[in-house]
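*Asks:* need a structure here:
(2 chains)
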Amino acid sequence: MSFFLSVNGTPHDVALPEEVPLLWVLRDELGLTGTKYGCGIGACGACTVHINGEARRACQVALGDVDGPVTTIEGLGTPENPAIIQRAWLASQVPQCGYCQSGQIMQAASLLARNPNPDDAEIDDAMAGNLCRCGTYKQIRAAIHEAARLMREG
Amino acid sequence: MGRIARYTRRTFLVGTAALAGGVAFGIWEKLRVLPNPLKPEEGAATLNPYLIVGADGITVIAPRAEMGQGVQSTLAALVAEELDMDPVSLTVLHGPPAQVYYNGALLSGHATYRDTATPGLFEAAADALSEIMPKALSLQVTGGSTSMVDGFEKMRIAGAAARETLKRAGAARLGVGVDALQTRDGAVVAPDGRKLSYGALAGEAAALDLPKSVELRPQSAWKYLGRDTPRADTLAKSTGTARFGADMRLPGMRFATVRICPRLGAGMVSFDASAAEAMPGVEKVLDLGDGIAVVATNTWLAMQAAEAVEIVWEEAPYPPTTEALERDIAAALDGKANTVFRESGDVAAALGSGEVVRAEYRVPYLAHATMEPMNATAWLRDGALDIWCGVQAPLLARDRAAKVAGLKAGDVTVHVPFLGGGFGRRTEPDAAVLAARVAVQMPGVPVKVMWSREEDMTHDFYRPGAVARMAGVVRDGRAEAFDAHIAAPSVSRQSTARIVGFAPPGPDKLHLDGAIDQPYGIANKRISGYLADVAVPVGFWRSVAASFNGFFHESFIDELAHAAGADPLRFRLDLIAPVHAPSAQVLETVARMSDWANKPPGVGRGVAFTWSFGTAVAEVIEVRDSPDGIRLTNAWIACDVGTALNPRNIRTQMQGALIYGLSAAMGGEITFDGGEVEQANFPDYDALRMNTAPRIEVEVLQNNVRMGGVGEPGTPPSMPALANALFDLTGKRARVLPLSRSFDFAL
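*Replies:* Down below sits the predicted model:
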């Protein structure tokens, strides 16, 4: 059986069993390795992507249940043309090992889409599901504030 | 980096940096004694093992694992400083593993705080020997917080030697004396303004002999070092384009996973793969002897099939429960001590002379839990094996993989991408070796072997559980006697046995790091180490033995302070100040940062100090009760690294090391039942999240004489500082970790 997927604006036909999680479709089938595997049970947030603009754990969404266009970190911006939030990540020099940061950025981007000016408590609440073993939380929080500022200034 | 690189680039005028009176550094030892493994492409040249000069720019080989600590960026900045180039303009690579990249500081045993003492004959001999061993054993290892100590001279010499050679090539071409030339932004510049790029001179420079010695830029002339220079990997890591081991793609590559015996070190009695073999996407189920591998068209399909293999496992070669393991570790205290460091005085007499304070502490086994689960990709073709794996010891991985593949070491190439966290876990070559074993059964086919999180957490080389019995005497507000007896399985013996095949006899100093060599002036002080012979695999966990000894030492110092009726910070300062001024200064700094003297009402505060990896660190943790449980509200860190090459990076390492330690102290424990680890995934072994981590401030001091490490020293004091804060808040002294056993934390 084949499933239709729209990822970062590109259509794909994917011939895999319907229960294969979106994470492993993105990584192994489509070669979009920016989305990371951390736990496989929705406990760490490393695989966060957007479906219909909403942050979802790609390891918890079966291929057959993907009900809208998917955006991954690669669709947010590129090294040549990073998105505002990625520029904020650069300005705050957020990443250490970097493995969780795709998920952190996708989660933060979805927060900012809903709430363009979050306070610390709202940021902490929205980001609590995204684990970082390097402990970059302070820089992530600063980068989200910086991204909000950049977005306000257009 | 392209355009985006320029937006963070600073411009500096190079000016006429005065070099008069500089120190000459010999080149031969550092750059020419071992073969240069670099083979540049046509049109580029290598001037030494750390540098490739091409027409399109300069590539620096930073031969240490980039696992988040920013090591490659700072190593490159050391070269850039001497080349008079902005580090942002360089390409930075790990490069091919090779003997020349040995870590000369790895076995130096870390600088003691006794910097002013004249080294004796023994110390001088030990120092010399400590550099010989890593070279002889080809120990290209990222660990022990040693990368900057090792690279500080080497990398600058590499840059300076290249600069001087390029200038000589430029002098010949421009018809100008070498002394009249300057270097600026990747070019040799003549007094009349004519310039030649390094790239244009590469070929001619490569044909010249290296200078015999060079003068390095004095610290006062540094333009990039000592500043918050941006890291080289930030853009890639913010756009999902950084390549980790898990991201490897090769033509025709298969996706595999493994299930290895959960009773660590044991094997497999039998297995039945018939159900698994019939599952979608499955190509093969491989017998690995101590487990199975499933090779499939998709990682998840491989993981599903691996779960469906029915396996009968052998019994564990160690006591099967946590209770039995703890009993064996504690029993070591009743046996003969491996090491007794009589640091000062007569402890036995002092303990007989007053009321003795006694305490017993216990800490659990811990997992590393790197964000990127263990993995490696291996490809065996035409008698050669290529392995892509994030490892902290690539030559060890190469040699061990060659052995299992029946190849010569020279036929195996290890490629080191970014590491999604290391914390010591990736010093072990096991993931690379496992992939090699799979590749041997899949000749010609590249296979990525991705462990599940569960496999990763249950097959670690754990931080060992440990037990300490402490006794002390206080008099007139000061500690008079301090006696520590510390038992744990030996990380150094087990790891050495794994690497060279036998456990070294004799005193195990590493086992007591974080307890011995603490700059406390206590008149009667003795530290005794006991090694428990337990076969659970243990390994290097961020700060190694200092991770438990720091907790024992600083919890007990706190108990002594309270027994003495003294303020815990003042008590420490009074003992440390006469011994080591830089250590006293970090305590004074953290007192100022936290406004220690004016504690707000309703909070608990704890302080701890640990000297480890050549760096003094003092931390204050603040906790507060809330309707949801106890919250960690604030943390302050003061550290002294001697010379701060990138202060921002040091601050974030200290912050991360604190969070790593607090995560373990609050809730981290690995327990065993039936010989198997009971924690499998993050819900069982979680860490601080953004909403549970304290607000953290860090100050970096540079008073110490020698350069210290950065990646690990922030971890040891975090755990006792939290336990001491909880005591301050509640009056309850927790002597067993994790603290979640004794306190309710807000989650």
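*Asks:* Look through chain A and state the residue closest to chain B.
*Replies:* Per C-beta to the nearest C-beta, A:Gly34 is where chain A lies closest to chain B, at 2.2 Å. (C-beta placed from N, C-alpha, C; glycine too.)
*Asks:* was I right about that residue contacting A:Ile73?
*Replies:* Yes. Using C-beta atoms under 8 Å, A:Gly34 makes contact with A:Ile73 at a distance of 4.0 Å.
*Asks:* where do the contact lists of those two overlap?
*Replies:* The overlap between the contact sets of A:Gly34 and A:Ile73 (C-beta atoms under 8 Å, 6 or more residues apart in numbering or on different chains) consists of A:Ser102, B:Thr239, B:Gly240.
*Asks:* who wins for most neighbours among these?
*Replies:* Top of those by neighbour number is A:Ser102, holding 29 neighbours under the definition other C-beta atoms under 10 Å in any protein chain shown.
*Asks:* May I have the residues that are in contact with the closest residue to it other than its chain neighbours?
*Replies:* Spatial nearest neighbour of A:Ser102, excluding adjacent residues (C-beta to C-beta, 6 or more residues apart in numbering or on different chains): A:Ile73 at 4.0 Å. Residues in contact with A:Ile73 (C-beta under 8 Å, 6+ apart) are A:Gly34, A:Thr35, A:Val49, A:Ser102, A:Ile105, A:Met106, B:Thr239, B:Gly240.
*Asks:* Among these, which ones are in helices?
*Replies:* Counting by DSSP state H, the part of these found in helices is A:Ser102, A:Ile105, A:Met106.
*Asks:* related to what we said a few turns ago, run a quick neighbour tally on the residue of chain A closest to chain B.
*Replies:* A:Gly34: 22 surrounding residues under other C-beta under 10 Å.
*Asks:* what's the distance between the closest residue to it other than its chain neighbours and A:Ser6?
*Replies:* Ranked by C-beta to C-beta, 6+ apart and with sequence neighbours excluded, the top spatial neighbour of A:Gly34 is B:Gly240, at 2.2 Å. B:Gly240 is 18 Å from A:Ser6, where distance means C-beta to C-beta, to the nearest Å.
*Asks:* can you tell me the residue of the stretch 401-550 of chain B closest to chain A?
*Replies:* The stretch 401-550 of chain B approaches chain A most closely through B:Gly420 (3.2 Å), counting by C-beta to the nearest C-beta.
*Asks:* B:Ala535 versus that residue, what's the distance?
*Replies:* Between B:Gly420 and B:Ala535 the computed distance is 29 Å (C-beta to C-beta).
*Asks:* which residues touch the nearest residue to B:Ser663 once chain neighbours are set aside?
*Replies:* Residue nearest to B:Ser663 in three dimensions, not counting chain neighbours: B:Ala687, with 3.7 Å by C-beta to C-beta, 6+ apart. B:Ala687 makes contact with A:Leu131, A:Arg133, B:Ala369, B:Ile659, B:Tyr660, B:Ser663, B:Gly667, B:Gly668 under the criterion C-beta under 8 Å, 6+ apart.
*Asks:* Now B:Ala687: phi and psi?
*Replies:* For B:Ala687, the backbone dihedrals (degrees, to the nearest 10) come out as phi -140, psi 170.
*Asks:* burial of B:Thr589, as a residue count?
*Replies:* Other residues close to B:Thr589 by other C-beta under 10 Å number 20.
*Asks:* Surely it and B:Val617 touch.
*Replies:* No. Taking contacts as C-beta under 8 Å, B:Thr589 lies outside contact range of B:Val617: 10.7 Å.
*Asks:* Need the residues touching each of those two.
*Replies:* Common contacts of B:Thr589 and B:Val617 (C-beta under 8 Å, 6+ apart): B:Ala638.
*Asks:* about what we covered before: settle it for me: which of B:Gly420 and B:Ala535 has more neighbours?
*Replies:* Legend: neighbour count by other C-beta under 10 Å for B:Gly420 and B:Ala535, higher for B:Gly420 (30 against 14).
*Asks:* Quick check: the gap between the nearest residue to that one once chain neighbours are set aside and B:Gly226.
*Replies:* Leaving aside its chain neighbours, B:Gly420 sits nearest to B:Glu372 (2.3 Å; criterion: C-beta to C-beta, 6+ apart). According to C-beta to C-beta, B:Glu372 and B:Gly226 sit 32 Å apart.
*Asks:* B:Asn724 too?
*Replies:* Distance of B:Asn724 to B:Gly226, given as C-beta to C-beta: 34 Å.
*Asks:* The two: which has the busier surroundings?
*Replies:* Higher neighbour count among B:Asn724 and B:Gly226: B:Asn724, with 29 against 17, using other C-beta under 10 Å.
*Asks:* In contact with that one, which residues?
*Replies:* B:Asn724 neighbours (C-beta under 8 Å, 6+ apart): B:Glu554, B:Ser555, B:Asp558, B:Pro568, B:Gly606, B:Val607, B:Ala608, B:Ile621.
*Asks:* And B:Ala202, by the same measure?
*Replies:* Taking C-beta under 8 Å, 6+ apart, we find B:Ala202 in contact with B:Ala44, B:Ala45, B:Leu47, B:Val53, B:Gly54, B:Ala55, B:Leu166.
*Asks:* Can I get stretch B:83-101 as CSV, trimmed to CA atoms?
*Replies:* Extracted C-alpha coordinates of stretch B:83-101, given in CSV (Å, rounded to 0.1, in the frame of the first residue of the first chain):
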residue,chain,number,x,y,z
LEU,B,83,47.5,32.4,11.3
ASP,B,84,45.9,35.9,11.8
MET,B,85,42.6,34.6,10.5
ASP,B,86,39.1,34.9,11.9
PRO,B,87,38.2,31.3,13.1
VAL,B,88,34.8,31.7,11.4
SER,B,89,36.6,31.7,8.0
LEU,B,90,38.1,28.3,8.6
THR,B,91,36.7,24.9,7.8
VAL,B,92,37.0,22.6,10.8
LEU,B,93,37.2,18.8,10.5
HIS,B,94,37.8,15.9,12.9
GLY,B,95,40.1,14.4,10.3
PRO,B,96,41.5,10.9,10.0
PRO,B,97,42.3,9.1,13.2
ALA,B,98,46.1,8.8,13.5
GLN,B,99,48.8,8.3,16.1
VAL,B,100,50.1,11.8,15.7
TYR,B,101,46.8,13.0,17.3
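*Asks:* Do it and chain A come into contact?
*Replies:* No. Stretch B:83-101 lies out of reach of chain A by C-beta under 8 Å from any C-beta of the partner chain, never closer than 11.6 Å.
*Asks:* quick one: which helix or strand includes A:Pro116?
*Replies:* Using DSSP states H and E, no element contains A:Pro116; it sits outside every helix and strand.
*Asks:* Relative to A:Ile85, how far out is it?
*Replies:* 12 Å.
*Asks:* likewise B:Pro37?
*Replies:* Counting by C-beta to C-beta, the gap from B:Pro37 to A:Ile85 is 40 Å.
*Asks:* higher neighbour count, these two?
*Replies:* Higher neighbour count among B:Pro37 and A:Ile85: A:Ile85, with 24 against 16, using other C-beta under 10 Å.
*Asks:* Next one: that one, what pLDDT does it get?
*Replies:* Reported pLDDT at A:Ile85 in the predicted model: 98.
*Asks:* Residue 37 in helix, strand or coil?
*Replies:* Just going to use chain A. Judged by DSSP: H, G, I helix; E, B strand; the rest coil, the three-state class of A:Tyr37 is coil.
*Asks:* any idea of the pLDDT on it?
*Replies:* 98.
*Asks:* Tell me, how many residues neighbour it?
*Replies:* As a measure of burial, A:Tyr37 has 28 neighbours, counting by other C-beta under 10 Å.
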